[in-house]
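Asks: Fold the following for me, if possible:
(one chain, ligands or ions: 1)
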Amino acid sequence: MAIAREQFNSRIGFILAAAGSAVGIGNLVGFPVNAAKNGGAAFLVIYALFVVLVCLPVMLAELAAGRHTQKNPLGAYNQLSNNSSSAGFSFWSLGGWLALITPYMIAVFYAVITLWVLGYFIATVSGDLDQLAHDDYFSNFINSKSIFVYLAAVSIIVSAILYGGVKNGIERAAKIMMPMLFIMLLCLVAFVLTQDNAMLGVKFYLIPDFSKITPQVINGAMAQAFFSLSLGMGILITYGSYMKRTSSIAFSAKMVALTDTAVAFTAGLMVLPAIFSFNPDINPDELSNSSISLIFGFLPKIFIAMQTTIGYFGASVFASIFFLLVLFAALTSLVSITEVPISAVMDEKKTSRKKAVLIIGATAGLIALACSVSFGMVDSLTNFTSYGGQTKSLFDVIIDVFYDTILPLNGFLICMLVSYRWKKANFDKELELGDPDYKGSLLERYVNVSLTTFIPVILLLIFINTVLLKFFGISII
Ligand code: TRP
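Replies: Alright, predicted model coming up:
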């Protein structure tokens, strides 16, 4: 007899786990810097509109598809499209496969970033902040032997959490790490705001400049909102399958979206004032677009500059808390994304959780290892291929394809599946379970119209635009 599917224990447990998935490196650094460069509050408003008008309905679609089918993304696609044999290949199972391969590959490169964060955290705690601030520290570090130890540590932590299962692993880890993350973030904000010139950063962040809002900025805000909320990654389908039928999907989704956006917003009150208070003349346009170079290259320089006011020890404490915060954000995301292929192996191959964790942990760990040596250590992986006029490493290719490009396509497919194969009425029924107020609500009417019409169109356009720009150097907007 089949064993009952695991479930989250409580509503707050689910919300923290899903918010833990959504809150990541992008929220803490990428979002604030992007906002400061692209019109401050004007960007924030556009971002928030996208979260509510486009992302929330897609969240509902993913969660409902997961909870209704009680399956991983591949199983969910097959069941909702009435293609019961998972071996048979249909257009819809292609969507299911994409919703499995995408998280698998994201897990691989996110593990590499997480191991770097762990390395930086350990370095700051051991008093080496001054070294982190050197220009060549990062490139030396990522090519040093110590990364193997950190990769092993990250793999063990994540596997141990996932081995614990939904309640005792994922939910428990989120219940510990997320509140700590909120507290650390608020402490850092409170401290930074007391520094000289901090208000310059706040001004840059919050004063709207609508002249900066171009079609590219709008496209970027949309793509950022979409990926920030863990959409198109199969995560919410999987987490939805662990939700109780007595709880409201809409309420939980709103809380997750709110938490993710609030953390991103609050992080701006930490990062920008910190940058400005130690660099009052900086022009945000000069800051890198990449969260990676900001976290590992630029911010350590800001942290070390803090020693003039709070001493080396104080600056090291600040930096350690910052890296621990980023580490928690990264770990909870990594856990959620690795759970997707694990649940697929458990469902489709009928294996135990233990075996599934081993299979996915070992194979993804190996590919992560290949990625982690693609920064110079192994030449064939460093100069892996080239397109768009640039040489790309294995790590770059995985980010370009699975993080920067494919998510809106996955989002498009789930909208089509839910709207046109599963059908609106069934979708509505699932959302009404545990939430009698959903029936007839404004949200219901909005979701029904938008998910069948303009949301898939927008997602498809973003996908096409990104492919043309990234791989062919053609800009259509
Ligand atoms: N918001 C995340 C970030 O900022 C993006 C993300 C969402 C993510 N879900 C994820 C990353 C799962 C990795 C795994 O990085």
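
Asks: All the strands of the stretch 251-400 of the chain, residue numbers only.
Replies: 385-387, 390-392 (DSSP state E, counting those that start in this stretch).

Asks: Would you mind listing the buried residues in stretch 159-173?
Replies: For stretch 159-173, a neighbour-count test (16 or more other Cβ atoms under 10 Å) marks 159, 161-166, 169-173 as buried. Yep, even glycine has a C-beta here, placed from its N, CA and C like the rest.

Asks: Just the C-alpha atoms of that stretch, please, in CSV.
Replies: What follows is stretch 159-173 as a C-alpha-only set of coordinates in CSV (Å, rounded to 0.1, in the frame of the first residue of the first chain):
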residue,chain,number,x,y,z
SER,A,159,21.1,16.5,2.4
ALA,A,160,20.7,16.2,6.1
ILE,A,161,17.8,18.7,6.1
LEU,A,162,16.1,16.9,3.1
TYR,A,163,16.7,13.5,4.7
GLY,A,164,14.6,14.7,7.6
GLY,A,165,11.6,15.0,5.2
VAL,A,166,8.9,17.7,4.9
LYS,A,167,8.0,18.3,8.5
ASN,A,168,11.1,17.4,10.4
GLY,A,169,13.5,18.6,7.8
ILE,A,170,12.3,21.4,5.5
GLU,A,171,9.7,22.9,7.8
ARG,A,172,11.8,22.7,10.9
ALA,A,173,14.9,24.2,9.2
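
Asks: what's that stretch in contact with?
Replies: Stretch 159-173 has contacts (Cβ atoms under 8 Å, 6 or more residues apart in numbering) with 6-10, 13-14, 16-17, 20, 242, 331-332, 335-336, 338-339, 342, 353-354, 357-358, 361.

Asks: coming back round to it: which of the buried residues of stretch 159-173 fall in strands?
Replies: Using DSSP state E, no member of the buried residues of stretch 159-173 falls in strands.

Asks: so what's the nearest residue to W97 once chain neighbours are set aside up against?
Replies: In this structure, W97 finds its nearest non-sequential neighbour in L74, 6.3 Å apart by Cβ to Cβ, 6 or more residues apart in numbering. For L74, the contact set (Cβ under 8 Å, 6+ apart) comprises 86, 93, 96-97, 99-100, 344, 348.

Asks: Need phi/psi at the residue lying closest to A41 once chain neighbours are set aside.
Replies: Among residues not flanking A41 along the chain, P208 sits closest, at 3.9 Å (Cβ to Cβ, 6+ apart). Phi and psi for P208, reported as degrees, to the nearest 10, are phi -70, psi 140.

Asks: Distance of P208 relative to the ligand?
Replies: 23 Å (Cβ to the nearest ligand atom, to the nearest Å).

Asks: and what of L200?
Replies: With distances taken as Cβ to the nearest ligand atom, L200 is found 26 Å from the ligand.

Asks: How about A160?
Replies: Counting by Cβ to the nearest ligand atom - A160 and the ligand are separated by 18 Å.

Asks: What's the per-residue pLDDT of that residue here?
Replies: Note for A160: predicted pLDDT of 98.

Asks: still on that earlier bit, now tabulate the strands of the stretch 251-400 of the chain in CSV and tack on distance to the ligand.
Replies: Formatted as CSV, the strands of the stretch 251-400 of the chain follow (distance: least, Cβ to the nearest ligand atom, whole Å):
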stretch, distance to the ligand
strand 385-387, 23
strand 390-392, 20
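
Asks: can you list the ones you listed in JSON lines and add mean neighbour count?
Replies: Listed next are these as JSON lines, based on neighbours: other Cβ atoms under 10 Å:
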{"stretch": "strand 385-387", "mean neighbour count": "12"}
{"stretch": "strand 390-392", "mean neighbour count": "13"}
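
Asks: among these, which is nearest M377?
Replies: strand 390-392 (15.8 Å; Cβ to Cβ).

Asks: Okay, now the sheet partners of that closest one, with direction.
Replies: Using DSSP bridges, strand 390-392 pairs in its sheet with strand 385-387 (antiparallel).

Asks: chain center to the partner strand, what's the gap?
Replies: 26 Å (Cα atoms, centre = their mean, to the nearest Å).

Asks: and the stretch 101-250 of the chain, which residues reach the ligand?
Replies: Listed as neighbours of the ligand in the stretch 101-250 of the chain under the rule Cβ under 6 Å from any ligand atom: 106, 110, 227-228, 230, 233.

Asks: meant to ask about the stretch 251-400 of the chain, not that
Replies: 333, 336-337.

Asks: Test my guess that L327 contacts L118.
Replies: Yes. Using Cβ atoms under 8 Å, L327 is in contact with L118, at 6.0 Å.
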